[in-house]
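>>> got a predicted model here, sequence first, then my questions.
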Amino acid sequence: MNELKLAVLGSRGAGKSALTVRFLTRRFIGEYASNSECIYTKHFCLDGRQMNLEIYDPCSQPRQGKLSLTDELHWADGFVIVYDISDRASFAFAKALLYRIRDSHLAACKRVVESAVFLVGNKQDLCHLREVGWDEGQKLAMDNKCQFCELSAAEHCQEVMTMFTKVLRTIITNFKMKEKRRPSGSKSMAKLINNMFGKRRKSV
Ligand SMILES: Nc1nc2c(ncn2[C@@H]2O[C@H](COP(=O)(O)OP(=O)(O)OP(=O)(O)O)[C@@H](O)[C@H]2O)c(=O)[nH]1
């Protein structure tokens, strides 16, 4: 069974809880307690595979015992980065988060791999109050090699389900790639050792 860990990050009020709860329950609940951080767990089946999913929804208010961003970056296998299209400051916050994720991946892998990151412009129903253009979100996502969509947690149930499903599929693909790389790496190492020493041993 696969264990997947997803962190939903973004500035205060961007809609992290609304998106998470929408995905988990298909409901939109207007107000959420913002002084508690939650790790939701869900057992589900994706493409015929059984999964145990943990979703981390941090509280924006400073709190004792709260995970630091560094902890969150280490903990999660994938990220949903949320901003509010009617709030430019939330877009700047999302950008800073993407840079932190990219830098931590670069430090860990020494090269850019496709990371399971989805940038989400939430509150699309408020497009009459829009402060961040669709093309700005799209460009930020392209520059950071992540997926992007705009949606409304309040109005778009199916889009929310699709977005979470896509990011979970990317995590699973990344897991598979890591698994594949390991045995083929050790095989080619064995071949190399054999080529170097195996033949020599024969001639002794
Ligand atoms: N119009 C509109 N309002 C939304 C949408 N998503 C969330 N909201 C509202 O935005 C406010 C903040 O939503 P939350 O989900 O609590 O945001 P959060 O990012 O979890 O906020 P913190 O927990 O304080 O960090 C709430 O009043 C929600 O009802 C949306 O798609 N459209």
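Looks like it arrived, so ask away. Here the structure is a predicted model, which means the values were calculated and not measured.

>>> wait, what's in contact with the nearest residue to F28 once chain neighbours are set aside?
Leaving aside its sequence neighbours, F28 sits nearest to A154 (CB to CB, 6 or more residues apart in numbering; 5.2 Å). Every C-beta, even on glycine, is put in place using the N, C-alpha and C of the backbone. A154 sits next to A18, F28, K123, D125 when contact means CB atoms under 8 Å, 6 or more residues apart in numbering.

>>> which element is the residue minimising distance to the centre of the chain on?
The centre of the chain sits closest to F79, judged by CA atoms, centre = their mean, with a distance of 1.8 Å. In this structure, F79 sits in strand 78-84 according to DSSP states H and E.

>>> how is A154 assigned, secondary-structure-wise?
For A154, the assignment made with DSSP: H, G, I helix; E, B strand; the rest coil gives coil.

>>> also A7?
Here A7 takes the strand state, with states given by three-state DSSP.

>>> where along this structure do the strands fall?
2-10, 38-46, 49-57, 78-84, 117-122, 147-150 (DSSP state E).

>>> for the ligand, tell me whether the shortest one is touching it.
To tie it back to what came earlier, the one meant is strand 147-150. No: counting by CB under 6 Å from any ligand atom, the ligand has no neighbours in strand 147-150; the shortest distance is 10.1 Å.

>>> tell me the pLDDT at the residue nearest to F28?
Note for A154: predicted pLDDT of 97.

>>> gap between it and the ligand?
4 Å (CB to the nearest ligand atom, to the nearest Å).

>>> how about the residues of the protein near the ligand?
10, 12-18, 30-32, 34, 59-60, 122-123, 125-126, 152-154.

>>> tell me the buried residues within these.
10, 13-18, 59-60, 122-123, 152-154 (16 or more other CB atoms under 10 Å).

>>> now, the most widely separated pair of the residues you listed?
The most widely separated members of these, counting by CB to CB, are C59 and S152 (22.4 Å).
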